[in-house]
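Engineer: Can you look at this prediction? I've put the sequence above it.
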Amino acid sequence: MRIISKERDEIILLALHSEEIGKGDYLLIEDLDGKRGLLVQVYDEEYHNTQSLLEDMIRDEVVNAASRCNPYDPLEIGDIARIVRDARLLRCKIRASVEDDRLSYTASWLPSRVSSRIRRVDMLELNSLIQSGGRASGIGRGRGEGMVTIDTPKMRPIEIGYSKDGETITIYAEDLDGKLNLITGKKGSGKSHLAKSIIKSLAEYGAYIFVLDLNNEYLGLAWRHDGGKSSIGDKVLFLEPGRGLRFTLDYLGKGPIASMLKYALEIPAASLREFFRIWDTLVSRNRLSISNLIESVAGWRSNELVKDALASRLHTMLTSGLFTDSNGVKVEDIIRERSNGAIAIIGMGKTTPVVRRMTVELLLSKLVELLEQGKIPPIFLFAEEAHLYLRDTYWEDIVTRMRHFGVFTTFITNQPDAISDSIYRQLDNIFLFNFTNENDLEKIARASMIDAESVKSIVRTLPAKHCMVIGSVVNNLPLVMMTMQPEVLMLGETKRFFSNKRISTPPSS
Ligand SMILES: Nc1ncnc2c1ncn2[C@@H]1O[C@H](COP(=O)(O)OP(=O)(O)O)[C@@H](O)[C@H]1O
Ligand SMILES: [Mg+2]
């Protein structure tokens, strides 16, 4: 390999076809004495095209077409000509510089075009380079063995995938703690699958996780492929709004109910005041319940419009099934009963959009309230297609106030444009699967933390189950990996009409 040129943060290399280097690979361009090196990542490859080469190829074609026998070539010049024609230009981004075995993210020197040595950096070496930079992300060979020890106190490895060479890629739970993450890619690319493997590992380490599940697919976490209970089976709790997920009004309290009425049911302000007046009267008589609220509204002397507004909201609350007069869910209890971590899956697959919004409104405001009062430990929130149920003002809240109190969110979506720019600016990690749609690519390339060219070029050609990991979990050295197949059952295939039908030929007459 040879350096051809450098433009801003980009280096263009010449490589022969036989040198097996592809998109996403890391190369080290070292000075002759080996003291300094530039760490670059290949993001695109193309043919090298010069006028003379083109003329040469045309001449060859013409000669081949005209002559029937093998041309006389005693010096085997033809072979060399073929190698020259197959040479490639590799477009690389400068990711870091290595000086005296230490990694730094600024590179202000130009390597020699004549004497530099260029070689591929495998995952193990890449990892040790990252370690020397004082940060962590471990990559070992095979399951568990060969793990690189780290000096920073990161004790909780999560194996999330494999590199091109089959090396295990490990991130650390500590790097997800307190962070805001995004998993995005087109439908069927493997987003939920990756989310499940991260959730499983977090739960093994004793974390508390809430999943807003739109396809009721995360329940598979409790089971293994062979039908037995998985290692985290006892920690999984499946709550469906109206079935397992019901609250008493008394437990929720005014705050969450007010947010739900305001944002999910869009109650006018005057009606909300009236609602709480009735609420207070019932509380003072120790008779707070949905049915008593409905009864009181019917007999309440007030403006008919206000009464109608209240009655219709109460009716929605009643039919949602989210409320009960006794034995409601208590988040503190879920956590107390599972001292080694829990996964609470809020299964909203069969829930109507209104009830979805009500559920999320109640749950999030209650969680924040409990966190504010120090009654529960911080939690990880995994939200699938959050734009379908999260109100606009919550997005900001999630990255600021909620994160401060201890709700660490991972958004999972196939619509990158549904997420606002202010969220993108706050992201710590992005797990980026394939996108082919130009608009989506454009959006995600502009919004991700690294340069747009490499995102676009690498993501466009990612196969299914492969993703590009960007951010602090990989210490800002973007990696391409294939996601892991964990032992748990991966529900989540879309129901199909034809898949289970046997093909039957029509009877012939
Ligand atoms: N690494 C993997 N190994 C095996 N199967 C996978 C892997 N990643 C994804 N799949 C399977 O591919 C299908 C689509 O993945 P899924 O995560 O549901 O996609 P998405 O959430 O992006 O629509 C699922 O059936 C899933 O089990
Ligand atoms: Mg999915």
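Structural biologist: Looks like it came in fine. Numbering: from 1, shown residues only. Ligands and ions are numbered 1, 2, ... in the order given.

Engineer: ok, now which ones touch the residue nearest in space to the middle of the chain?
Structural biologist: Centroid check for the chain by C-alpha atoms, centre = their mean gives residue 183 as the closest residue, at 1.7 Å. Residues counted as contacts of residue 183 (C-beta atoms under 8 Å, 6 or more residues apart in numbering) are 191, 194-195, 410-413, 430-431, 433. The way it works is simple: take the backbone N, C-alpha and C, and place the C-beta from them, glycine included.

Engineer: Which residues of this structure lie near ligand 1?
Structural biologist: For the chain, the residues in contact with ligand 1 (C-beta under 6 Å from any ligand atom) are 185, 187-193, 465, 483-485, 490, 492-493.

Engineer: about what we covered before: columns neighbour count and pLDDT on top of the contacts of residue 183, output as a markdown table?
Structural biologist: Putting these into a markdown table (neighbours: other C-beta atoms under 10 Å; pLDDT from 0 to 100) gives the following:
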| residue | neighbour count | pLDDT |
| --- | --- | --- |
| 191 | 23 | 94 |
| 194 | 25 | 95 |
| 195 | 24 | 95 |
| 410 | 25 | 95 |
| 411 | 27 | 94 |
| 412 | 23 | 95 |
| 413 | 19 | 93 |
| 430 | 25 | 95 |
| 431 | 27 | 96 |
| 433 | 25 | 96 |
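
Engineer: helices or strands up against the longest helix seen in the chain?
Structural biologist: In the chain, with assignment by DSSP state H, the single longest helix is helix 353-372. Contacts defined by 3 or more C-beta pairs under 8 Å, 6 or more residues apart in numbering; DSSP states H and E place helix 353-372 against strand 208-213, helix 254-259, helix 304-320, helix 331-337, helix 403-405, strand 407-413.

Engineer: picking that back up, which among the contacts of residue 183 gets closest to residue 79?
Structural biologist: Of all the contacts of residue 183, residue 79 sits closest to residue 433, with 41.0 Å by C-beta to C-beta.

Engineer: Would you mind measuring from the closest residue to the closest one other than its chain neighbours to residue 465?
Structural biologist: Counting by C-beta to C-beta, 6 or more residues apart in numbering, residue 433 lies nearest to residue 185, which is 2.3 Å off, once chain neighbours are set aside. Applying C-beta to C-beta, to the nearest Å, the value for residue 185 to residue 465 is 10 Å.

Engineer: same question, residue 388
Structural biologist: 25 Å.

Engineer: what does residue 238 give?
Structural biologist: Distance from residue 238 to residue 465, by C-beta to C-beta: 26 Å.

Engineer: And residue 357, by the same measure?
Structural biologist: 32 Å.

Engineer: Among the two, which residue is more densely surrounded?
Structural biologist: Neighbours were counted for residue 357 and for residue 465 using other C-beta atoms under 10 Å; residue 357 has more, 21 against 18.

Engineer: Tell me how many other residues crowd the closest residue to the more buried one other than its chain neighbours.
Structural biologist: Nearest residue to residue 357, sequence neighbours excluded (C-beta to C-beta, 6+ apart): residue 264, at 4.0 Å. The number of residues packed near residue 264 is 23, by other C-beta under 10 Å.

Engineer: ok, now the one 4 residues further on?
Structural biologist: For residue 268, the count of nearby residues is 14 (other C-beta under 10 Å).

Engineer: picking that back up, backbone dihedrals for the residue nearest to the centre of the chain, please?
Structural biologist: The phi/psi pair for residue 183 (degrees, to the nearest 10) reads phi -120, psi 120.

Engineer: Tell me, what's the model's pLDDT at it?
Structural biologist: The pLDDT attached to residue 183 in the predicted structure is 96.

Engineer: swap in the one 10 residues further on?
Structural biologist: Among the per-residue scores, residue 193 shows a pLDDT of 93.

Engineer: quick one: secondary structure of it?
Structural biologist: Classification of residue 193 using DSSP: H, G, I helix; E, B strand; the rest coil returns helix.

Engineer: wait, doesn't it sit right on residue 467?
Structural biologist: No: taking contacts as C-beta atoms under 8 Å, residue 193 lies outside contact range of residue 467: 10.0 Å.

Engineer: For the two, indicate the residue with more neighbours.
Structural biologist: Ranked by neighbour count (other C-beta under 10 Å), residue 193 and residue 467 place residue 467 first, with 27 against 20.

Engineer: shaky segments in the stretch 1-150 of the chain?
Structural biologist: Within the stretch 1-150 of the chain, the stretches with pLDDT under 70 are 68-71, 75-78, 130-150.

Engineer: so where do the helices sit in it?
Structural biologist: 51-66, 77-86, 123-132 (DSSP state H, counting those that start in this stretch).

Engineer: Pipe those into JSON lines and attach distance to residue 296 per row.
Structural biologist: Supplementary listing: the helices of the stretch 1-150 of the chain in JSON lines, determined by distance: least, C-beta to C-beta, whole Å:
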{"stretch": "helix 51-66", "distance to residue 296": "86"}
{"stretch": "helix 77-86", "distance to residue 296": "83"}
{"stretch": "helix 123-132", "distance to residue 296": "64"}
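
Engineer: Please identify every residue contacting each of residue 193 and residue 467.
Structural biologist: residue 483.

Engineer: Name the nearest residue to residue 171, ignoring sequence neighbours.
Structural biologist: Closest residue to residue 171 apart from its sequence neighbours, by C-beta to C-beta, 6+ apart: residue 473 at 4.2 Å.

Engineer: ah, wrong one, I meant residue 402
Structural biologist: Among residues not flanking residue 402 along the chain, residue 368 sits closest, at 5.8 Å (C-beta to C-beta, 6+ apart).

Engineer: Look up how far residue 400 lies from that neighbour.
Structural biologist: For residue 368, the distance to residue 400 - C-beta to C-beta - is 12 Å.

Engineer: Same question for residue 128.
Structural biologist: Going from residue 128 to residue 400 by C-beta to C-beta gives 37 Å.

Engineer: One more: residue 417?
Structural biologist: With C-beta to C-beta as the criterion, residue 417 and residue 400 are 22 Å apart.

Engineer: Residue 95 now?
Structural biologist: 30 Å.

Engineer: can you list the domains in this structure?
Structural biologist: Using automatic domain parsing, the domain ranges for the chain come out as 2-122, 174-244+331-483, 249-320.

Engineer: Identify the bridge partners of residue 430.
Structural biologist: Going by DSSP bridges, residue 430 is paired in beta bridges with residue 182, residue 470.

Engineer: Test my guess that it contacts residue 185.
Structural biologist: No: using C-beta under 8 Å, residue 430 is not in contact with residue 185, being 10.2 Å away.

Engineer: got the contact list for the residue nearest to residue 357?
Structural biologist: Contacts of residue 264 by C-beta under 8 Å, 6+ apart are 354, 357-358, 360-361, 391.

Engineer: which regions of the stretch 351-500 of the chain lie under the pLDDT threshold?
Structural biologist: 487-500.

Engineer: make it 90
Structural biologist: Applying pLDDT under 90 to the stretch 351-500 of the chain picks out residues 386-404, 417-426, 436-438, 442-451, 472-477, 484-500.

Engineer: how about the strands in it?
Structural biologist: Assigned by DSSP state E, counting those that start in this stretch, the strands in the stretch 351-500 of the chain fall at 379-384, 407-413, 429-432, 466-471, 479-483.

Engineer: The residue of the stretch 201-350 of the chain found nearest ligand 1: how many residues sit nearby?
Structural biologist: Nearest to ligand 1 in the stretch 201-350 of the chain, going by C-beta to the nearest ligand atom, is residue 217, at a distance of 7.0 Å. By other C-beta under 10 Å, 23 other residues sit near residue 217.

Engineer: Next, the contact list for residue 363, please.
Structural biologist: Here residue 363 is in contact with 210, 346 (criterion: C-beta under 8 Å, 6+ apart).
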